[in-house]
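J.: Next come a sequence and a model predicted from it.
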Amino acid sequence: MPIINRLADMQPEIAGWRQDIHAHPELLFDVHRTAGVVAEKLKSFGCDQVATGIGRTGVVGVIKGKRAAGARTIGLRADMDALPIEEATGVPYTSTVPGKMHACGHDGHTAMLLGAAKYLAETRNFAGTAVVIFQPAEEGGGGGREMVNEGMMDRFAIEEVYGMHNYPGLPLGDFAIRSGPMMAAADRIYIDLEGLGGHAARPHVAVDTVLVGAQIINQIQSIVARNVDPLESGVISITQFHAGTADNIIPQTARLSGTARSLTSETRDILEQRLHEVVEGTAKLYGAKAKLVYKRDYPVTRNHERQTLFAADIAREVVGRERVDVTVPPVMGAEDFSFMLEARPGAFIFVGNGDSANLHHPAYNFNDEVIPVGTSYWVRLVETALRA
C-alpha cells in the first residue's frame, strides 16, 4: 500500500494550508489564529465533533468510522506553535510577523494531519474512532502536558496515541523510529549568584560574580564527563549569562540559565544532584553564594514496543522496507509528546525532510514534498489499526 493517490492529488491544497500557517506564526499558547483555522477546516470536513480550548488553545477533532460503536479509539497528534526567530528563508510565503517563524516544521505537521482528517472524514473506511489532536506550546510551554492534565485522553476515550516530526538530514520521505527512549528529558537550570560588587579597578575588595559564573560553567562540564556512565547520554548546556551594568563595575549579582538533557531516570538524578554540589561548592570556593533551581520539565519521549513495531510496519507499507530505519539512535532534543506517551501507549516517528537547514535555524523550511508521505502514513495507520 504505497502513497495514496488521492492524497498525492491533494498535495497542492495541503501545501497551501501549510504556507498560510507558515506566513502567520504564533508562539506557545497564543496560537489563536492557527487554532481557529484548524477548527474551521475540521468542521468543514464534516468531523463528528470539534472541540476547542483543550489545554488552553488546543483543538481536537473526532472522526467516527463506518462502524464506531464498541470499537477502538486512537489519537493522532500534531503541534501548531512557532519559534521566536527572525526568518531568513526568502520564500514567497515568509513570515509576516517580525521575530517569529515556523523554524521547526509545526506548520507542516499541522497541515499533514489536516489532510489526513479531510480524507478520513470523506472515506471513513475504518471501524472505530480517530481523534486528531492539534496541540499548542510544544516549544517549551508544555501544551501536551496541559491537554493531558485537562483529561483529554479520558474525555475522548483515546486508547493509543501517535506522533510524527520531520527530520532534516534524513532522506526525503524516509522514516526513522525506535522502541524505548526516542528523545531526551529536558530540564531547566536557573542559577542566581551573589558576590560583592565594587570598582573594576579594585577586584581584591570585591567578589566578582562574572568570574564565579565563568568558573561554574567550566566546572559543570565535568559532570557528564566524570559522573555519567560513558555508555549513557547526558548534556548540560548553560545558554544565558546575565551580569553587570557598566564596564567599570564588578557586578554584585549574576544569573545563569540553561538546560540538562538525559535519557534515563538514573542519569537525570545524577545531573540534578551533581549540579547542586558543583554550583554551590564552586561559588563558596570563590566567596560567593549560589542558589540553583533545577526544574524538571519534559520527560523522556519513550516509545512503547508494540505500538513502535506497528508504526514501523505502517511506514514500510507507505515507502518500502528499505526506507524505514527502526534502529535510529535517540536524539537529545525533547518533545512534550512525552506526556501523551506517559498517559497512553503509542509511538513517535521521524519523517525525513531531506537536505534542509536544521530545526530551529533561521533558514529552515518544511519540505512540502513530504506531505503525501506523512499524510498517507496517518491514513494507513488509522485504516490498519481500526480495520473495518
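T.: Here it is on my side, so go on. Residues are numbered from 1 along each chain as shown.
J.: Just the buried positions in stretch 267-275, please.
T.: Of the residues in stretch 267-275, those with enough neighbours to count as buried (16 or more other CB atoms under 10 Å) are 267-268, 270-272, 274-275. Placement of C-beta: from N, CA and C, glycine included.
J.: mean confidence for that stretch?
T.: Per-residue pLDDT values over stretch 267-275 give a mean of 98.
J.: and that stretch, how far out from the chain's middle?
T.: Averaged C-alpha coordinates place stretch 267-275 at 23 Å from its chain's average position (CA atoms, centre = their mean, to the nearest Å).
J.: Ok, stretch 118-134 next?
T.: Distance of stretch 118-134 from the chain centroid (CA atoms, centre = their mean) equals 24 Å.
J.: which of the residues in that stretch are buried?
T.: For stretch 118-134, a neighbour-count test (16+ other CB under 10 Å) marks 118-121, 123-124, 126-134 as buried.
J.: For that stretch, output the C-alpha coordinates as PDB.
T.: These are the backbone C-alpha positions of stretch 118-134, laid out as PDB (Å, rounded to 0.1, in the frame of the first residue of the first chain):
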ATOM      1  CA  LYS A 118     -10.200  15.500   5.500                       C
ATOM      2  CA  TYR A 119      -9.500  12.200   3.800                       C
ATOM      3  CA  LEU A 120     -10.700  10.100   6.800                       C
ATOM      4  CA  ALA A 121     -13.800  12.200   7.200                       C
ATOM      5  CA  GLU A 122     -14.600  11.600   3.500                       C
ATOM      6  CA  THR A 123     -13.900   7.900   3.300                       C
ATOM      7  CA  ARG A 124     -14.500   6.600   6.900                       C
ATOM      8  CA  ASN A 125     -13.000   3.300   5.800                       C
ATOM      9  CA  PHE A 126     -12.300   2.100   9.300                       C
ATOM     10  CA  ALA A 127     -14.100   0.600  12.300                       C
ATOM     11  CA  GLY A 128     -13.600   2.800  15.400                       C
ATOM     12  CA  THR A 129     -12.800   6.400  16.100                       C
ATOM     13  CA  ALA A 130      -9.900   8.600  15.000                       C
ATOM     14  CA  VAL A 131      -9.100  11.600  17.200                       C
ATOM     15  CA  VAL A 132      -7.000  14.300  15.600                       C
ATOM     16  CA  ILE A 133      -5.100  16.400  18.200                       C
ATOM     17  CA  PHE A 134      -3.700  19.800  17.400                       C
END
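J.: pLDDT (mean, whole number) over it?
T.: This predicted structure assigns stretch 118-134 an average pLDDT of 97.
J.: do stretch 201-221 as well
T.: Stretch 201-221 shows an average pLDDT of 98 in the prediction.
J.: Can you list the neighbours in contact with that stretch?
T.: Contact with stretch 201-221 is made by 191, 193-199, 236, 238, 241, 243-244, 248, 250-254, 256, 275, 278-279, 282-283, 285-288, 290, as judged by CB atoms under 8 Å, 6 or more residues apart in numbering.
J.: try 6 Å this time
T.: With contact meaning CB atoms under 6 Å, 6 or more residues apart in numbering, stretch 201-221 is reached by 193, 195-196, 198, 236, 238, 241, 243, 250-251, 254, 256, 278-279, 282-283, 286-288.
J.: Drop anything exposed from these.
T.: Restricting the contacts of stretch 201-221 to buried positions leaves 193, 195, 198, 236, 238, 241, 243, 250-251, 254, 256, 278-279, 282-283, 286, 288, with burial counted as 16+ other CB under 10 Å.
J.: Looking at the residues you listed, which are in strands?
T.: Taking DSSP state E, the ones among those that sit in strands are 193, 198, 236, 238, 241, 243, 250, 254, 256.
J.: Between all of those, which two are separated the most?
T.: Distances among these were taken as CB to CB; the most separated pair is G198 and I236, at 30.6 Å.
J.: Verify the stated contact: H276 with K291.
T.: No: at 10.0 Å, H276 does not count as touching K291 under the criterion of CB atoms under 6 Å.
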